[in-house]
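> Sharing a model prediction with you, sequence too.
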Amino acid sequence: MTTTLDLTLSKLTDALFRHAALRRVRRLQPVGGVGDKIFPPTYPAARQNDPPQHVFERRRVGGREAWCVLVDSVQSQANRLEEALLAATDGDGLPLPYVTVDFSGAGLKPLERITSLDAPHRVYDAILRDSLRDGEPFMQTDEGRRLAAAKPAEATALLELSPTALLFGAWHSQGEGGGLGAKFPRALVSEIMAIDTPVDDQRTGEAASRTSGRRTGSRIDPLGIQKSVKIYRSAQNEQDWTPCETEAARTKAGPILFSRKKGDKAGKPSVINHGNVTPTVEPLGVTCDYIEHRAVITLAGLRRLRFGNGDRNAAARALLAALGLLALAEQDANGYALRSRCDLVCEGSAPLELVRADGSTETVEQDRAKALSLYEEAYARAESVGFRFESLTLKPQDKLIEIVRRSRDLALKGAGGDADDGK
């Protein structure tokens, strides 16, 4: 007879002393129905001049090897879970401390704020480092020094100022020794994979396999602008264009054709986003047997974090585990609209499981309301044993505001970009 565990705070605290993990393995399907094509993220190809491609892996599925495709990475899932928690703090008043950099008075609209829940490196991000707390550089304040000194053996500062950094992982890469600062491994790992996907080209090594799916693209210009029309750089404004040779900027060799960056087809209307787009067919998009969302909260990993005495350790670890369960519940409520043409829906229900140290499992009864209640009880318990939670608000330094402003100016002029220019 299968039993279901009602996960109270006392039972969660006990599990954190003895058991391995909490996990859930959920099957998904495209919202368009079984067998519908989805478009996972693309990444740069290993071989130069190859188009972007999906990430393929060969995995063991049901005792055999199957081609699988990454639909949402561990990093992307962490960002989505943090976004869901941040929305809960804004909308539902969830008690969750984090650090905010307030850009509202910087004249950089629509940018209003960046928090330790959406900054790339969380509480150790350069955005926070280059901001001020009461007029003092953040990492030179008492709070900043506490964060810099934090270690897995004494992680109280992160728990009190931004506990999501302990849940999703953080690295003080600009810490002591030039990148030898403390590292906090992820306690929650979540990933979405498409299982059993057809492939055309089964390469090995660094080169990835190619999907059997295809994406088409084309555009008919309603103005009928022809690619043979010449576009020149304007003599009046070097960032602007003109179709008139008499108005073009010139060198001794003649008029200068317009281009925005190296590699552009200089002088073509396509450089300024006019004209037809030639029909193309690319190996993108996949179909699959099903999609799997696998999420694990490591209780053994949480046991490696210490916060002082036994009562504090137990309360802090229970708070982090409850926060992980709440993050998953909040993401469930938001749904699986991951990106354009990658909208997913659950294939039935999937239970949360408690994984014991011997590998056996027990089903856990959990939903959004219970997850919220468990977290709020764990939060109150942590406060009762002496933790003092605090959300901080910082102001960006002038130099941080200026680098953002200059980057925007370059982008508007078409002179920006992320590629290394080789200089």
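Received, thanks. Numbers count the residues shown, from 1 in each chain.
> residues near the residue lying closest to residue 236 once chain neighbours are set aside, how many?
Nearest residue to residue 236 in three dimensions, chain neighbours excluded: residue 247, at 7.3 Å (C-beta to C-beta, 6 or more residues apart in numbering). The C-beta positions use only the backbone N, C-alpha and C, and glycine is treated the same way. By other C-beta atoms under 10 Å, the residues close to residue 247 number 15.
> start the count at 55, not 1, going forward
Sure, I'll start counting at 55 from here, so that last one is residue 301.
> got a list of what residue 301 touches?
By C-beta atoms under 8 Å, 6 or more residues apart in numbering, the contact list for residue 301 reads 286, 288-290.
> JSON lines for these, including distance to residue 460, pLDDT and secondary structure?
JSON lines is the format used below for the contacts of residue 301 (distance: C-beta to C-beta, whole Å; pLDDT from 0 to 100; DSSP: H, G, I helix; E, B strand; the rest coil):
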{"residue": "286", "distance to residue 460": "28", "pLDDT": "91", "secondary structure": "strand"}
{"residue": "288", "distance to residue 460": "23", "pLDDT": "91", "secondary structure": "strand"}
{"residue": "289", "distance to residue 460": "26", "pLDDT": "90", "secondary structure": "coil"}
{"residue": "290", "distance to residue 460": "23", "pLDDT": "87", "secondary structure": "coil"}
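> Quick one: buried ones out of those?
286, 288-289 (16 or more other C-beta atoms under 10 Å).
> Just the closest of these to residue 169, please.
Among those, residue 288 lies closest to residue 169 (C-beta to C-beta), at 42.4 Å.
> give the contact list for that closest one.
Shown in contact with residue 288 (C-beta under 8 Å, 6+ apart): 294-296, 301-303, 312.
> and it, what are its bridge partners?
Using DSSP bridges, the bridge partners assigned to residue 288 are residue 302.
> what stretches of the stretch 205-354 of the chain score poorly on pLDDT?
Low-confidence segments of the stretch 205-354 of the chain (pLDDT under 70): 229-234, 255-275, 277-279, 316-317, 330-337.
> where along it do the helices fall?
Assigned helices in the stretch 205-354 of the chain, in chain order: 210-215, 218-222, 230-233, 353-356 (criterion: DSSP state H, counting those that start in this stretch).
> Output the contacts of residue 288 as TSV; include the columns distance to residue 360.
Shown next, in TSV, are the contacts of residue 288 (distance: C-beta to C-beta, whole Å):
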residue	distance to residue 360
294	61
295	62
296	67
301	71
302	69
303	66
312	62
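> List only buried entries from the residues you listed.
295-296, 302-303, 312.
> returning to what we had before: closest to residue 57 out of the buried ones among the contacts of residue 301?
Among the buried ones among the contacts of residue 301, residue 288 lies closest to residue 57 (C-beta to C-beta), at 76.0 Å.
> what domains does the record give for the chain?
Segmentation of the chain into domains, based on automatic domain parsing, reads 58-252+341-452, 261-337.
> what's the most buried one of those domains?
Most buried of the domains of the chain by mean neighbour count (mean count of other C-beta atoms under 10 Å) is domain 58-252+341-452; its value is a mean of 18.
> I'd like the distance from it to the chain centre, please.
10 Å (C-alpha atoms, centre = their mean, to the nearest Å).
> Now do the end-to-end distance for that domain.
End-to-end span of domain 58-252+341-452 (C-alpha to C-alpha, to the nearest Å): 56 Å.
> And for stretch 355-375?
11 Å.
> Kindly report the same for stretch 87-105.
From its first residue to its last, stretch 87-105 covers 28 Å (C-alpha to C-alpha).
> Ok, stretch 120-133 next?
From start residue to end residue, stretch 120-133 stretches across 28 Å - C-alpha to C-alpha.
> the residue most distant from the middle of the protein, which is it?
The C-alpha centroid of the chain is most remote from residue 306, which lies 50.3 Å away (C-alpha atoms, centre = their mean).
> give me phi/psi at that residue?
phi -60, psi -30 (degrees, to the nearest 10).
> Understood, closing this out.
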